[in-house]
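Participant: The following comprises the amino acid sequence and a computationally predicted model.
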Amino acid sequence: MSMQVSDTYTQLINKARWSHAHGRNVFHITQSDVDAGRLFSYAYRSQTIGAFHGTRVAIEAAEKGVGSRSTRSFLHQARSLLKQLEDKAIELVPRDHRVVISTLYYYDELVNLVIQSLDKACARVPNPTLETIRQRFLDNLHPVHAGNGLYVAQDINLPEQGAFIVPNLGISIKPVIYGDYHSWDSAFLAGDQYGVSTHRHHKGAEIHLGFSPVQGHTVLGSGFAEVSEGYAMPIPPMTDHGFRNTTGHDHVVPFIFGSLPMTGWGVFFDVEPRPGQGQLVKHDLDSSAMNHSVYLERELRRVREAKTNTREVLIPAERAGSPEIGGLELAVTFVGRGEVDLLSNHYRIVSIQAGKAHVRIGNAEKEVGAHDHFGVPADMNCQVAQSGNEPLLFLDAMILPVTNT
């Protein structure tokens, strides 16, 4: 089954294929190609849990009911290829020609081989389950292949077949944007689910986010705060934390997760359950006991009243991290009119909270609005221009080095 592929993607991957056919010649690879190659590679990287891990898990479950030996062989091949695609998340995305002729090239090769294997498996004997798995895989990858490299994901429109069940916690998470050392994610809590069990990370930091409607207890260390409005809670490594959902309905807990020593896929396995930690003490959300967590929606409303374009750090890196693993910084930017430049030597994840914007990274451009998320690779120019009648408001997160104080 063929997929819709943009001219931008086609031209870039054709250059990579030409290079492999001509002794890895790279003199035809321009800086614009490198920029596009980085964007497409990060777009693939954000599929690690969704299109890659989620599909592999779905195939494993469906394979048990397949009687045909040849069909099982094709499914086994697809699972093996998907595991290779998952493992590529531990590799850093290069900043030179290698991103085109190696990273992007092999993402494309492996993905096409997965599609061929699934096509062959579905062609043997009609199987609605396998057909659904194949179609969801194609649907997840469509924004990558059909786009210009600037991958945009929504936190309210999470894809099917894209979840990861956290070991020993039983919660389902889906990454929205997946950078070098950190990711912006969503944890799904069913209405009858108590919440996120208390746990901690050995070499990872988090920032838990809450948006209305929310009702519950956010846990940090030996204390908790009752929350009924938006919040942001910084969580250093080796700190117990969790969330008790008391709404009685389904709830999504957005969170940012990062670690400089553990690139990519490894961060999702750095979790230690911490059941039975005794009686918790209630504190105010913004108290020192709760690591000076932030009333997020209050801050967004306050910054939205700004008269000039401004960026404010809501959570400094030192509060959600350590010198060993780095720290997560969360900031809010207001753009009443005009544009801002997001150039940084660190990967940045942007979450649009209000308004509309025209975004340009390298030669790739896109219109974005509320609930949209995108990543800005390190050392790539990114202009975000306010558009429409409403002021632009967005959060951004980076993981930065932290020094001893």
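Facilitator: Now that the structure is in, tell me what you want to look at.

Participant: How much space separates residue 91 from residue 303?
Facilitator: Noted for residue 91: a distance of 37 Å to residue 303, by C-beta to C-beta, to the nearest Å. Where you see a C-beta, it was placed from the backbone N, CA and C, and this is true even at glycine.

Participant: Likewise for residue 34?
Facilitator: To residue 303, residue 34 is 35 Å away according to C-beta to C-beta.

Participant: for residue 158, same thing?
Facilitator: Taken as C-beta to C-beta, the spacing of residue 158 relative to residue 303 amounts to 27 Å.

Participant: mind checking the SS state of residue 139?
Facilitator: helix (DSSP: H, G, I helix; E, B strand; the rest coil).

Participant: Residue 146 is in contact with that one, correct?
Facilitator: No - taking contact to mean C-beta atoms under 8 Å, the distance of 11.0 Å between residue 139 and residue 146 leaves them out of contact.

Participant: wait, what's in contact with residue 161?
Facilitator: The neighbourhood of residue 161, defined by C-beta atoms under 8 Å, 6 or more residues apart in numbering, consists of 50-51, 54-55, 58, 133, 136-137, 140.

Participant: same check, this time on residue 99
Facilitator: With contacts taken as C-beta under 8 Å, 6+ apart, residue 99 has the following neighbours: 34, 37-38, 41, 93.

Participant: repeat that for 6 Å
Facilitator: Contact partners of residue 99, counting by C-beta atoms under 6 Å, 6 or more residues apart in numbering, are 34, 37-38, 41.

Participant: For it, which non-adjacent residue is closest in space?
Facilitator: Among residues not flanking residue 99 along the chain, residue 37 sits closest, at 4.1 Å (C-beta to C-beta, 6 or more residues apart in numbering).

Participant: That neighbour contacts residue 101, doesn't it?
Facilitator: No - Residue 37 is not in contact with residue 101 according to C-beta atoms under 6 Å; the separation is 8.6 Å.

Participant: Those two: which has the busier surroundings?
Facilitator: Between residue 37 and residue 101, counted using other C-beta atoms under 10 Å, the more crowded position is residue 37 (30 against 23).

Participant: just how off-centre is whichever strand or helix holds residue 55 within its chain?
Facilitator: Here residue 55 is covered by helix 55-63, with elements defined by DSSP states H and E. Taking C-alpha atoms, centre = their mean, to the nearest Å, one finds helix 55-63 lying 22 Å from the centre of the chain it belongs to.

Participant: CA atoms only for that helix, dumped as CSV, please.
Facilitator: Taking only C-alpha atoms (Å, rounded to 0.1, in the frame of the first residue of the first chain), the coordinates of helix 55-63 have been written out as CSV:
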residue,chain,number,x,y,z
THR,A,55,2.4,-1.2,16.3
ARG,A,56,4.9,-3.9,17.4
VAL,A,57,2.9,-4.6,20.6
ALA,A,58,-0.3,-4.7,18.5
ILE,A,59,1.2,-7.2,16.1
GLU,A,60,2.4,-9.4,19.0
ALA,A,61,-1.1,-9.6,20.4
ALA,A,62,-2.7,-10.3,16.9
GLU,A,63,-0.1,-12.9,15.9
